[in-house]
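> build the 3D model from these lines:
(one chain, ligands or ions: 2)
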Amino acid sequence: MKKHIGRNDPCWCGSGVKYKKCHADFDQKIEQYARQGAYVPDRDLIKTPEQIAGIKASAAINMEVLDYVGKHIRPGISTAEIDRWVYDITTKRGAIPAPLNYEGFPRSVCTSIDEVVCHGIPDENRILEEGQIINVDVSTIYQGYFSDSSRMYCIGEVPAEKKRLVDVVKQSIEVGLKEVRPWGFLGDMGQAIHEFCEAQGYKVVREIGGHGIGLEFHEDPYVSYVSKRGEEMLMVPGLCFTIEPMVNMGTDEIYVDADDGWTVYTADDMPSAQWEIQLVITEDGYELLCW
Ligand code: MF3
Ligand code: CO
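Ligands and ions are numbered 1, 2, ... in the order given. Predicted structure coming up:
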């Protein structure tokens, strides 16, 4: 429930400015959308400038980790080695790897090779081989602020059809970003990504998507790529979320490893790729925080 704020009270955003001179018009605009049936964000999802600064500091570490992985990943290392890099760099910066112990996840990062869609668990016995594609999904908590992004890496020379999948999924994020603007809907972006990937002959995973993030690892909204233009949450300035489509070469059907409870595979064992970015909606567009 929103607390009532008088027009002369200090604004809820912490600016110190009177509400009527700060977020009063903003709130009214959102309420108008809500009255017309739009799914609108609660106030606690709207990040203040101070919170955005905190998220950026977290994101800088997150990207430093991914840059390091990009420089050092190679055939012959284990995915557990990647996990050690992530843990060491993150903790050296005074930060915490968000996946570690998250709902029982045993490692600091997700490493998802080829037919693994997401949530692959680093393992001493899983050795990277030439020709594989791998998603490394890094998430960081720094001074209470969360960041989350993932990249694909090609191990040595990879078959052209896998390289194409990796490239198309990266492009799909650019296509989606063209639809990201204040007072648009998440479904505008979701439909654009979906249509682009399908036109390239791929299938987008339906059951797992992106999420709000910042003060927690996973906040509202859920960010789907099987959504429709004009649907899903209204993108208002200060809303912070990830775009992270998982795209399969074959079927969009997936299943979860019954033994570890985490690893998600494609049902037909065909490859899957994913890139993830994190952004915040601004007054006139968006700002990328993490990629
Ligand atoms: N980083 C993933 C995401 O993008 C979450 C992984 S949860 C974990 O939402 F526990 F598997 F790390
Ligand atoms: Co994420």
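
> for the helix or strand hosting Asp67, what does the pLDDT average out to?
Element membership for Asp67 (DSSP states H and E) is helix 49-72. For helix 49-72, mean pLDDT rounds to 98.

> which helices and strands does whichever helix or strand comes after it pack with?
Where DSSP H and E defines the elements, the next helix or strand beyond helix 49-72 is helix 79-92. If you count contacts as 3 or more CB pairs under 8 Å, 6 or more residues apart in numbering; DSSP states H and E, helix 79-92 packs onto helix 49-72, strand 96-97, strand 110-113, strand 133-142. In short, each C-beta sits where N, CA and C put it, glycine included.

> which residues touch helix 79-92?
Here helix 79-92 makes contact (CB atoms under 8 Å, 6 or more residues apart in numbering) with 61, 64-65, 68-69, 72-73, 96-97, 100, 107-109, 111, 113, 120, 122-124, 126, 128, 134, 136, 138, 140.

> try 6 Å this time
Outside helix 79-92, the residues within contact range by CB atoms under 6 Å, 6 or more residues apart in numbering are Val65, Tyr68, Pro97, Arg107, Ser108, Val109, Thr111, Pro122, Asp123, Glu124, Arg126, Thr140.

> so which bits of it are buried?
Thr79, Ala80, Glu81, Ile82, Asp83, Trp85, Val86, Tyr87, Ile89, Thr90 (16 or more other CB atoms under 10 Å).

> give me the distance between it and the centre of its chain.
20 Å (CA atoms, centre = their mean, to the nearest Å).

> so is that helix next to ligand 1?
No - judged by CB under 6 Å from any ligand atom, helix 79-92 makes no contact with ligand 1; its nearest approach is 10.9 Å.

> tell me the angle that helix makes with strand 133-142.
20 degrees (axes from the mean of the first three to the mean of the last three CA atoms, to 10 degrees).

> mind saving the C-alpha coords of helix 79-92 as CSV?
Extracted in CSV, the C-alpha atoms of helix 79-92 (Å, rounded to 0.1, in the frame of the first residue of the first chain):
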residue,chain,number,x,y,z
THR,A,79,34.3,-24.6,-15.4
ALA,A,80,35.3,-24.8,-11.7
GLU,A,81,38.4,-22.7,-12.7
ILE,A,82,36.0,-20.0,-14.0
ASP,A,83,34.1,-20.2,-10.7
ARG,A,84,37.4,-19.5,-8.8
TRP,A,85,38.2,-16.5,-11.0
VAL,A,86,34.7,-15.1,-10.3
TYR,A,87,34.9,-15.7,-6.5
ASP,A,88,38.5,-14.3,-6.2
ILE,A,89,38.0,-11.1,-8.2
THR,A,90,34.6,-10.4,-6.7
THR,A,91,35.7,-10.9,-3.1
LYS,A,92,38.9,-9.0,-3.7
